[in-house]
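K.L.:
Please find the sequence and the predicted model below.
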Protein chains: 2
Amino acid sequence: MAEKDTVREQIIDAAKKRFSHFGYAKTTMAEVAADCSMSPGNLYRFFPGKLDIAEAIASVAREEHLKDLRKLINEPGKSGRDRLRDFFFEELRHTYHMLEKNPRVYEMASVIANERPEFANRMFAEERKILVEMMVEAERHGEFKTGDKEFTAEMIQSALMKFRYPQLWSKLTLPKLERELDGVLKLLIDGLCAQKAHHSTGQAA
Amino acid sequence: MAEKDTVREQIIDAAKKRFSHFGYAKTTMAEVAADCSMSPGNLYRFFPGKLDIAEAIASVAREEHLKDLRKLINEPGKSGRDRLRDFFFEELRHTYHMLEKNPRVYEMASVIANERPEFANRMFAEERKILVEMMVEAERHGEFKTGDKEFTAEMIQSALMKFRYPQLWSKLTLPKLERELDGVLKLLIDGLCAQKAHHSTGQAA
DNA sequence: AGATTGAACGATTTGTTGAACGTTCAGAAA
DNA sequence: TTTCTGAACGTTCAACAAATCGTTCAATCT
């Protein structure tokens, strides 16, 4: 088992190098296998297919970024408002620069988004956990009082969809995206605060 | 001039029939010209190119829909909240059914969106005019007080981007989209109402 | 004159062929 | 037995040819 995990990591490492140097489409399973000193067929004992290697790479990268994000929002002495803002600003900047830096990452993101829509859903669900935590915290401090927090988190994600894979949908520059994100967040957070005032006006419990 | 406009409409009509029957890519300029009893070359006295015919078709369709939307939101005895809701719900349902009904419309929308990004921007700008009107009206009734209304309209559009060309981004069903639109709108409108309370807390003037 | 045509041009698409690729699995190696 | 290999399979991709299409413009018509 420990053996298997090591080999898996070795494969992921080799694939990551190839993918980000030459692109996902241009690297062959044979090459990745050769880098790991094994035959192409043997890769399939560790991954169901090529796409699953890419998914694994994306998954660990995302996990690392989520760890950073968790750290960021757990800094003491911040309002819930600031936490939400910092969270989504960091997320926007991070993915923007990732996709900007090299086109290979952009290619991988596109392939995974197209061929594995479920992947994005899992990432969203993980993000929602953090958002719910933040709302619980903010409610304890009386900053805003939300009914169904899981649902509210989903709505926030919906409203910020445009900023998720920035250069995939709009070709806006980062400053313009930041300006818009700022504006939308202000509206949303004001909305959250308002629920404190006239709660139970329709929000599901 | 009156002559020219008639011919233009004739071309638009013929092209619309062809495009929605056989698709944009599969209809040739020669066919459209033949339907209008003229030579292919003559089309270019009325339109710069094939894409501009498609744009004209989309433009009049959008104009008609906007007229319906204006009518809808001018119904008396409605709160600003209801007006905003009705506006975007009608918009979501309308475009969803358009794109659902026949794949040819979907094809046309994709082509225009990809090759003529400016077109969408013009449509957005027209929509914003209506939104600003609504906000002015709502402010007069003391329902919500927004600072820079053009900017706020832009932010609302940003937050509702996901519901704009529904089946282009997400493959959600209409009921799921409606549920999400409802939730996001609630947050946003609460946000608008909140600005009445603590105005000038950062909203640009 | 201005309006219209349709043949001609270059770009894009289509059809086809051969190589390359992802994946599998019977068998070799351990 | 379990682990791994590499040739074999069907699919996909790349390159080239032919055909088609959008667009132009010199010639024609009104």
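P.N.:
Here it is on my side, so go on. Residues are numbered from 1 along each chain as shown, chains lettered A, B, ... in the order given.

K.L.:
What is the least confident helix or strand in chain A?
P.N.:
The helix or strand with the lowest mean pLDDT-type score in chain A, counting by mean pLDDT, DSSP states H and E, is helix A:166-169 (a mean of 78).

K.L.:
Heading C-terminal from that one, find the next helix or strand.
P.N.:
helix A:174-197 (DSSP states H and E).

K.L.:
Give the other helices and strands that that next one contacts.
P.N.:
Judged by 3 or more CB pairs under 8 Å, 6 or more residues apart in numbering or on different chains; DSSP states H and E, the packing partners of helix A:174-197 are helix A:80-101, helix A:149-159, helix B:149-159, helix B:174-197. Every C-beta, even on glycine, is put in place using the N, C-alpha and C of the backbone.

K.L.:
Now with 6 Å, please.
P.N.:
Judged by 3 or more CB pairs under 6 Å, 6 or more residues apart in numbering or on different chains; DSSP states H and E, helix A:174-197 is in contact with helix A:80-101, helix B:149-159, helix B:174-197.

K.L.:
DNA strand C: which of the ones you listed is closest?
P.N.:
Nearest of the helices and strands packed on helix A:174-197 to DNA strand C, taken as CB to the nearest atom of the strand: helix A:80-101 at 22.5 Å.

K.L.:
Can you dump the C-alpha atoms of that closest one in PDB for me?
P.N.:
Output of helix A:80-101 as PDB, limited to C-alpha atoms (Å, rounded to 0.1, in the frame of the first residue of the first chain):
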ATOM      1  CA  GLY A  80     -16.600  38.100   8.400                       C
ATOM      2  CA  ARG A  81     -16.900  40.600   5.600                       C
ATOM      3  CA  ASP A  82     -13.100  40.800   5.300                       C
ATOM      4  CA  ARG A  83     -12.800  37.100   5.400                       C
ATOM      5  CA  LEU A  84     -15.200  36.600   2.600                       C
ATOM      6  CA  ARG A  85     -13.500  39.300   0.600                       C
ATOM      7  CA  ASP A  86     -10.000  38.000   1.100                       C
ATOM      8  CA  PHE A  87     -11.100  34.500   0.300                       C
ATOM      9  CA  PHE A  88     -12.500  35.300  -3.100                       C
ATOM     10  CA  PHE A  89      -9.900  37.900  -4.000                       C
ATOM     11  CA  GLU A  90      -7.100  35.400  -3.300                       C
ATOM     12  CA  GLU A  91      -8.900  32.800  -5.200                       C
ATOM     13  CA  LEU A  92      -9.400  35.100  -8.200                       C
ATOM     14  CA  ARG A  93      -5.800  36.200  -8.200                       C
ATOM     15  CA  HIS A  94      -4.400  32.700  -7.800                       C
ATOM     16  CA  THR A  95      -6.300  31.100 -10.600                       C
ATOM     17  CA  TYR A  96      -5.800  34.100 -12.900                       C
ATOM     18  CA  HIS A  97      -2.000  34.000 -12.500                       C
ATOM     19  CA  MET A  98      -2.000  30.200 -12.800                       C
ATOM     20  CA  LEU A  99      -3.800  30.300 -16.100                       C
ATOM     21  CA  GLU A 100      -1.800  33.400 -17.200                       C
ATOM     22  CA  LYS A 101       1.600  32.000 -16.500                       C
END
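
K.L.:
Tell me if it is near chain B.
P.N.:
No - judged by CB under 6 Å from any CB of the partner chain, helix A:80-101 stays clear of chain B, getting no closer than 10.5 Å.

K.L.:
Taking helix A:80-101 as reference, get the angle to whichever helix or strand comes after that helix.
P.N.:
In the C-terminal direction, the helix or strand that comes right after helix A:80-101 (DSSP H and E) is helix A:103-115. Helix A:103-115 runs at 110 degrees relative to helix A:80-101, counting by axes from the mean of the first three to the mean of the last three CA atoms, to 10 degrees.

K.L.:
Now find how far off-centre helix A:103-115 is within its chain.
P.N.:
Centroid displacement of helix A:103-115 relative to its chain, using CA atoms, centre = their mean, to the nearest Å, is 14 Å.

K.L.:
how about that helix: buried residues?
P.N.:
A:R104, A:V105, A:Y106, A:E107, A:M108, A:A109, A:V111, A:I112 (16 or more other CB atoms under 10 Å in any protein chain shown).

K.L.:
For the least confident helix or strand of chain A, C-alpha coordinates in CSV please.
P.N.:
Extracted in CSV, the C-alpha atoms of helix A:166-169 (Å, rounded to 0.1, in the frame of the first residue of the first chain):
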residue,chain,number,x,y,z
PRO,A,166,-11.6,34.2,-15.5
GLN,A,167,-10.0,34.0,-18.9
LEU,A,168,-12.2,31.1,-19.9
TRP,A,169,-15.4,33.1,-20.2
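
K.L.:
Run through who's touching that helix.
P.N.:
A:Y96, A:L99, A:L177 (CB atoms under 6 Å, 6 or more residues apart in numbering or on different chains).

K.L.:
Adding distance to B:I130 as columns, could you present the residues you listed in CSV?
P.N.:
Output for the contacts of helix A:166-169, formatted as CSV (distance: CB to CB, whole Å):
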residue, distance to B:I130
A:Y96, 31
A:L99, 34
A:L177, 25
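
K.L.:
Quick check: A:Q10 vs A:E64, distance?
P.N.:
Going from A:Q10 to A:E64 by CB to CB, to the nearest Å gives 18 Å.

K.L.:
oh sorry, the question was meant for A:C193
P.N.:
32 Å.

K.L.:
Show me which of the two is the more surrounded one.
P.N.:
A:C193 (20 against 10; other CB atoms under 10 Å in any protein chain shown).

K.L.:
Now do the contacts for that one.
P.N.:
Taking CB under 6 Å, 6+ apart, we find A:C193 in contact with A:F144, B:A194.

K.L.:
redo that, cut-off 10 Å
P.N.:
A:C193 sits next to A:G80, A:R81, A:A138, A:E143, A:F144, A:K145, B:D190, B:G191, B:A194, B:A197, B:H198 when contact means CB atoms under 10 Å, 6 or more residues apart in numbering or on different chains.

K.L.:
What is the burial count for the fourth one?
P.N.:
By other CB under 10 Å, the residues close to A:E143 number 17.

K.L.:
In terms of helix, strand or coil, where does it fall?
P.N.:
coil (DSSP: H, G, I helix; E, B strand; the rest coil).

K.L.:
Count residues in the vicinity of the closest residue in space to it that isn't next to it in sequence, would you?
P.N.:
Closest residue to A:E143 apart from its sequence neighbours, by CB to CB, 6 or more residues apart in numbering or on different chains: A:G80 at 4.5 Å. A:G80 has 22 neighbouring residues, counting by other CB under 10 Å.
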